[in-house]
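>>> Could you look at this predicted model? Sequence included:
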Amino acid sequence: MRVHLIAIGGSAMHNMALALHEKGFQVTGSDDEINEPSKTRLKNAGILPPSIGWFPEKITADIDAVILGMHAREDNPELIRAKELNLKVYSYPEYIYEATKDKTRVVIGGSHGKTTITAMILHVLNFHKMDTDFMVGAQLEGFNTMVKLTKEAPIAIIEGDEYLASPIDRRPKFHLYKPNIAILSGIAWDHINVFPTFEIYVNQFEKFVDLIEPNGSLIYCNEDAELQKVATNSGKSNNISKTPYSIPKHRIENGTTILENNGKDISLQIFGNHNLMNLNGARLVCNKLGLSDDQFYEAIQSFKGAAKRLELVSKTDAFAFYKDFAHSPSKLKATTQATKQQFTNRKILACMELHTFSSLNETFLAEYDGAMNDADEAIVYFNPHTIAHKKLKPITEEQVLKYFNRKDLKIFTESSALISYLKSKSLKNYVLLMMSSGNFDGIDFKQLSTELNLN
């Protein structure tokens, strides 16, 4: 089987390439930019493109499948050549479905928590040595790649993103997976550049529920009012079962969250109501896959979290530094709230970066009203050059201050100035949260943690 990946250097795409190479396929690919860690990982596997750029001459009639990454454009010369040769062109999610269509597919969707729930399920299945294919949006401890595709595994665990499938396929990715078991974590408007109104965005989740395989299952968070409506009103034609979940019974002792289950205490390495809801949803999925509650709790105690999801950077007796992927209003609120509840004797310094198309859009900025109010001190960072690069209308510091609706909010537009401010403060008895889907324009968190004033 010969497969060519257009835009092989992306986070998801290079993991797909590695998975197919591991499967024994002949894998080639192209990209106009390949950064780390993709570059080294592709090189080590022997499938790094020899030259950067697009080369239509690489596209020949003996290629069995072309996989098109979101980074490529509709006028990509390799895509044009593939169409001329009538080759089968798949979007990334289309190929995931093609490779898993004969398996029990579990699809994890929702505006937040997808990666964490997926990671929890995979951690538990791996603990109990249950073979499964998967696709997850972060590098997980104990897993070599973010994608695994085999002939043998009877199950496929798939993180279901609602963003577009490809430059030539405007359907949301999670519409293409047709789950046997689906879980939805919540609905909070995102991707305003694709879904310009909240109603259009919600409709994508209604369609997703209707696409669950007949007699399949929907597991959903009933703490979310909008999701309750979707679960109630959708899925009537496919005769699916519907199971709600919420926050499990728990307590916090000495900075550790403890679940209470049938008189037994289960100590966790994660914290926060949003993570506890994620855990409860993951438990119900694992039940559907044949694992008991006791088996689930036995495994979940050793789960440390997914990369950049309340990931610990450094910690002392009087300080903790976490990085998190939070960038949308609901994620900011959940992460700061969870940290405040976990560290009741510390001050919370929360810093977020406006980085996505939605967050840098003036219309969407109003959604951030009160999103960081649980933090004792709040900082917003954005780079005007990033806005210009994305060809968006400029936003001002005054607009950010207005829409976040917090008078003491500090705003920075240069990462060096932000670093200087953080280093100037005494952070003893603080928790520092750095939240972004980017990297604050290259801030080295590990290095920063060694330079902070903790006296």
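Perfect, thanks for sending it.
>>> Report the secondary structure element holding the residue nearest the centre of the chain.
Nearest to the mean C-alpha position of the chain, by C-alpha atoms, centre = their mean, lies residue 115 at 4.5 Å. For residue 115, the enclosing helix or strand under DSSP states H and E is helix 114-127.
>>> Listing partners with orientation, what would you give for the helix or strand just after that helix?
Scanning forward in sequence from helix 114-127 by DSSP H and E, the next helix or strand is strand 132-135. Here strand 132-135 is paired, per DSSP bridges, with strand 147-148 (antiparallel), strand 155-159 (parallel).
>>> what is the mean pLDDT for the first one?
Strand 147-148 shows a mean pLDDT of 94.
>>> Repeat that for the longest one.
Confidence over strand 155-159 (mean pLDDT, whole number) is 98.
>>> Ok, stretch 397-417 next?
95.
>>> Send me it as CSV with only the CA atoms.
Taking C-alpha atoms only, stretch 397-417 is exported to CSV below (Å, rounded to 0.1, in the frame of the first residue of the first chain):
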residue,chain,number,x,y,z
GLU,A,397,-5.6,47.0,24.6
GLU,A,398,-8.6,49.2,25.4
GLN,A,399,-10.9,46.6,23.7
VAL,A,400,-9.3,43.7,25.6
LEU,A,401,-9.8,45.6,28.9
LYS,A,402,-13.4,46.4,28.0
TYR,A,403,-14.4,42.9,26.9
PHE,A,404,-12.7,40.9,29.7
ASN,A,405,-14.5,43.3,32.1
ARG,A,406,-11.9,43.3,34.8
LYS,A,407,-10.5,46.7,35.8
ASP,A,408,-7.2,45.4,37.2
LEU,A,409,-6.4,43.3,34.2
LYS,A,410,-2.8,43.7,32.9
ILE,A,411,-2.2,43.6,29.2
PHE,A,412,1.1,42.9,27.4
THR,A,413,1.9,42.9,23.7
GLU,A,414,5.6,41.9,23.9
SER,A,415,6.7,38.6,25.4
SER,A,416,9.9,40.1,26.7
ALA,A,417,7.9,42.7,28.7
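>>> And for stretch 373-387, what's in contact with it?
In this structure, residues lying in contact with stretch 373-387 by C-beta atoms under 8 Å, 6 or more residues apart in numbering are 333, 336-337, 339-340, 347-355, 360, 372, 393-395, 400, 404, 406, 408-415, 418, 421, 433, 436, 438, 440-441. Every residue, glycine included, has its C-beta placed from N, CA and C.
>>> End to end on it, go ahead and measure it.
25 Å (C-alpha to C-alpha, to the nearest Å).
>>> from what I can see residue 268 touches residue 255, true?
No: Residue 268 is beyond contact range of residue 255, at 11.3 Å (criterion: C-beta atoms under 8 Å).
>>> Could you check which of these two is surrounded by more residues?
Just comparing residue 268 and residue 255: by other C-beta atoms under 10 Å the higher neighbour count belongs to residue 268, 20 against 12.
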